[in-house]
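**Student:** mind looking at a prediction? Sequence and model below.
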Amino acid sequence: MANETRYCAVCNDYASGYHYGVWSCEGCKAFFKRSIQGHNDYMCPATNQCTIDKNRRKSCQACRLRKCYEVGMMKGGIRKDRRGGRMLKHKRQREDQDARNGGAASADMRSPTLWASPLVIKHSKKNSPALSLTAEQMVSALLEAEPPIVYSEYDPSRPFNEASMMTLLTNLADRELVHMINWAKRVPGKKSREEFSSASMLLIQFPN
């Protein structure tokens, strides 16, 4: 019997499993997890009624979090593994095997950590927070940091000529640049003061 296709209750993308009380995708699961851990001081730039779907879920964090609560996501929600009982059974088998073998080495292998090379550690006195993230945490952070889709905002009621085309392309490039700078700031890892200064100068030259 084929598995039934489930969709994310928040954005209607394909659901990866039952997370925090509802069926949701990896992106909304990671977003809600970070939000309930304290990163939730979001403000809607519009009227708190933004459309949250697969293509626009990253356009407004405030409305995305509001919809998470509206569909029933909760901090203590039951979380099922995406592959159901089979994976849970395998997990129990691995735990039993670890207990027989001492468990310490296998426990480290089950939660791989991204470690820096000795040269990187030597170069920085204070290790970047990203260096201690597990592979799953790193992937979730990168998914959440992914810039939203930027549309040209072309108005078919206005005449389309060379000047209007250049204006559309210029505005599109400006908005893409702003999103890319914000993406770079949200990628896990320690950024230098010089990098943030350069990003700030770019934002001044190319305002959103």
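**Tutor:** Structure's in. What do you need?

**Student:** count the residues that sit near M165.
**Tutor:** 12 (other CB atoms under 10 Å). C-betas here are computed from N, CA, C, even on glycine.

**Student:** tell me the secondary structure of it, please.
**Tutor:** Under DSSP: H, G, I helix; E, B strand; the rest coil, the three-state class of M165 is helix.

**Student:** could you report the pLDDT at it?
**Tutor:** M165 is assigned a predicted lDDT (pLDDT) of 76.

**Student:** kindly report the same for the one 5 residues further on.
**Tutor:** What the model reports for T170 is a pLDDT of 81.

**Student:** domain map for the protein?
**Tutor:** Using automatic domain parsing, the domain ranges for the chain come out as 1-85, 162-205.

**Student:** would you reformat those domains as JSON lines and include distance to Q137?
**Tutor:** Formatted as JSON lines, these follow (distance: least, CB to CB, whole Å):
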{"stretch": "domain 1-85", "distance to Q137": "9"}
{"stretch": "domain 162-205", "distance to Q137": "8"}
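
**Student:** winner for burial among these?
**Tutor:** With neighbours taken as mean count of other CB atoms under 10 Å, those reach their highest mean count in domain 1-85, at a mean of 16.

**Student:** and the strands in the protein, which stretches?
**Tutor:** Assigned by DSSP state E, the strands in the chain fall at 17-19, 22-24.

**Student:** remind me what the first one packs against, helices and strands.
**Tutor:** Secondary-structure packing of strand 17-19 (3 or more CB pairs under 8 Å, 6 or more residues apart in numbering; DSSP states H and E): strand 22-24, helix 26-36.

**Student:** averaged pLDDT, the shortest one. What do you get?
**Tutor:** Per-residue pLDDT over strand 22-24 has a mean of 94.

**Student:** and it, which strands flank it?
**Tutor:** Strand 22-24 has the following sheet partners, assigned by DSSP bridges: strand 17-19 (antiparallel).

**Student:** what pLDDT does N55 get?
**Tutor:** For N55, the pLDDT comes out at 91.

**Student:** how much space between it and M74?
**Tutor:** Distance, N55 to M74, by CB to CB, to the nearest Å: 26 Å.

**Student:** same question for N182.
**Tutor:** 29 Å.

**Student:** same question for L133.
**Tutor:** 25 Å.

**Student:** ditto for I52
**Tutor:** Distance from I52 to M74, by CB to CB: 18 Å.

**Student:** those helices in this protein, which residues are they?
**Tutor:** Along the chain, the segments classed as helices by DSSP state H run 26-36, 61-70, 85-101, 104-110, 118-123, 135-145, 162-186, 193-205.

**Student:** report the rounded mean pLDDT for the third one.
**Tutor:** The average of the pLDDT scores along helix 85-101 is 55.

**Student:** what do you get for the shortest one?
**Tutor:** Mean per-residue pLDDT for helix 118-123: 44.

**Student:** quick check: which ranges of the protein have low pLDDT?
**Tutor:** Residue ranges of the chain with pLDDT under 70: 1-3, 39, 77-132, 150-154, 156, 189-208.

**Student:** how about the helices and strands packed on strand 17-19 in CSV, adding distance to L143?
**Tutor:** Listed next are the helices and strands packed on strand 17-19 as CSV, based on distance: least, CB to CB, whole Å:
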stretch, distance to L143
strand 22-24, 13
helix 26-36, 5
